[in-house]
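>>> Give me a 3D structure for the following:
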Amino acid sequence: MGKDPKKPRGKMSSYAYFVQTCREEHKKKHPDASVNFSEFSKKCSERWKTMSPKEKGKFEDMAKQDKLRYEREMKNYVPPKGQKKKRFKDPNAPKRPPSAFFLFCADFRPKIKSENPGLSIGDTAKKLGEMWNSSSAEEKQPYEKKAAKLKEKYDKVIIQNDMEVKLVDLIEKCYCLWSMEKSLSLCYRILLLTAQREKWIQDQLLQLMMMMMTMKKKRRKEKKKRKMRMMMMSSSLGDGTCSFVYAIYPYISIHHLEKPKSD
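Here you go, the predicted structure:
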C-alpha cells in the first residue's frame, strides 16, 4: 500500500535543520557545483561537533517547534481504511526501564571510549556485546537484580496510573447517574476496602469526597436562595399564586413572573 499523501510530515531533529541550513548556504555560494553527499555529510558532522551549545540552540528551538507541529497534526490525522492509526505516545508516560545489558553498557561504555577514543558507535556496541556475553552469571547478577527492581517499580506506576484513571471515571459516572449521597457512599465503601492496602487510592477518594461535599454545600445555599426568591415572587403576586409559582418555577425564568406595568 502506497504512502498516504495526507499523512503529516515527520518531525525533524536539530541536526537535520543544521544540515538543511548548510545545504542552503552551499547552494548560494556554489549554485552550479555538484555535491558529493558523503563528503558533505562528513563536513557537516565535524562542524556540528565543534559548535557551542549556544550555536546549536537555534536549531534545537526549530526542532522543538516542529515536534509540537507534528504532535498537533498527528492528533487530528485519520488514516485511510485498511490502515491502523499509529498509537500516539503520551509524553508524560513513565519511561520503560533499561535491561540488565543496557545497565552494563552504561557502566562500561565510558571506559571503552577512554581506552579507544577513535572507536565508532557500532564497534563500541559490538565490543560491549562481546564483554557481556563473556561475563559470568555472578558478574551479570548485580545488573539483572537492578533491572528487575526497576521493572517492578515501572509496572507499579503503570498499574497505578491505569487504576487512577478508571477510579476517577467510575466516580464521575456514579455522580452523573446517582445522587450526591450515593456517590459519597461509594467513595466511603472503597475507602474501607482499600484501608490496609493502597494509600494513593485513599488520597484520591478523599479529594473527590471533599470536592463533592463542597458542591453539596454550594447546592444547599443555591436551593435556599431559590426558595427565598420564590417566596418574594409569590408575595408580590399574591398569596393565592404561591403553590402555582412553586409548581412552574423550574420551567420558567424570573423575568416571566414580573408584575405587568399599569397603564
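>>> how about low-confidence regions in the stretch 1-150 of the chain?
Flagging of the stretch 1-150 of the chain using pLDDT under 70 yields the residue ranges 1-3, 81-93.
>>> Pull up the gap between Lys42 and Lys221, please.
Separation of Lys42 from Lys221 (C-beta to C-beta, to the nearest Å): 74 Å. All C-beta atoms are positioned from the backbone trio N, CA, C, and that covers glycine.
>>> And Asn36, by the same measure?
Distance of Asn36 to Lys221, computed by C-beta to C-beta: 78 Å.
>>> swap in Glu115?
The value you get for Glu115 to Lys221, if C-beta to C-beta is used, is 75 Å.
>>> The stretch 51-200 of the chain: helices as residue ranges?
With DSSP state H, counting those that start in this stretch, the ranges of helices along the stretch 51-200 of the chain come out as 53-76, 100-115, 121-134, 137-177, 180-193, 199-237.
>>> Just the C-alphas of the first one, formatted as PDB.
This means helix 53-76. Extracted C-alpha coordinates of helix 53-76, given in PDB (Å, rounded to 0.1, in the frame of the first residue of the first chain):
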ATOM      1  CA  PRO A  53      25.600  24.800  22.900                       C
ATOM      2  CA  LYS A  54      24.600  28.500  22.200                       C
ATOM      3  CA  GLU A  55      25.100  28.000  18.400                       C
ATOM      4  CA  LYS A  56      23.200  24.700  18.500                       C
ATOM      5  CA  GLY A  57      20.300  26.400  20.500                       C
ATOM      6  CA  LYS A  58      18.800  28.000  17.300                       C
ATOM      7  CA  PHE A  59      18.400  24.600  15.600                       C
ATOM      8  CA  GLU A  60      17.200  22.900  18.800                       C
ATOM      9  CA  ASP A  61      14.400  25.500  19.100                       C
ATOM     10  CA  MET A  62      13.400  24.800  15.500                       C
ATOM     11  CA  ALA A  63      13.300  21.100  16.300                       C
ATOM     12  CA  LYS A  64      11.100  21.700  19.300                       C
ATOM     13  CA  GLN A  65       8.600  23.800  17.300                       C
ATOM     14  CA  ASP A  66       8.500  21.200  14.600                       C
ATOM     15  CA  LYS A  67       7.900  18.400  17.200                       C
ATOM     16  CA  LEU A  68       4.800  20.400  18.500                       C
ATOM     17  CA  ARG A  69       3.600  20.800  14.900                       C
ATOM     18  CA  TYR A  70       3.900  17.100  14.300                       C
ATOM     19  CA  GLU A  71       2.200  16.100  17.500                       C
ATOM     20  CA  ARG A  72      -0.700  18.500  16.800                       C
ATOM     21  CA  GLU A  73      -1.200  17.200  13.200                       C
ATOM     22  CA  MET A  74      -0.900  13.500  14.300                       C
ATOM     23  CA  LYS A  75      -3.700  14.000  16.800                       C
ATOM     24  CA  ASN A  76      -6.100  15.100  14.000                       C
END
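>>> Enumerate the positions of it that are buried.
For helix 53-76, a neighbour-count test (16 or more other C-beta atoms under 10 Å) marks 59, 62-63, 66, 70, 74 as buried.
>>> Phi, psi for Arg96 please.
Recorded main-chain torsions at Arg96 are phi -60, psi 140, according to degrees, to the nearest 10.
>>> Kindly provide the distance from it to Ala147.
Remark: distance between Arg96 and Ala147 (C-beta to C-beta) = 11 Å.
>>> More neighbours: which of the two?
Taking other C-beta atoms under 10 Å, Arg96 and Ala147 do not tie; Ala147 has more neighbours (19 against 10).
>>> can I assume that one is in contact with Phe104?
No: applying C-beta atoms under 8 Å, one finds Ala147 not in contact with Phe104, separated by 9.4 Å.
>>> The helix or strand containing Arg23: which residues count as buried?
Using DSSP states H and E, Arg23 maps to helix 14-29. Buried positions in helix 14-29, judged by neighbour count with 16+ other C-beta under 10 Å: 14, 17-19, 22.
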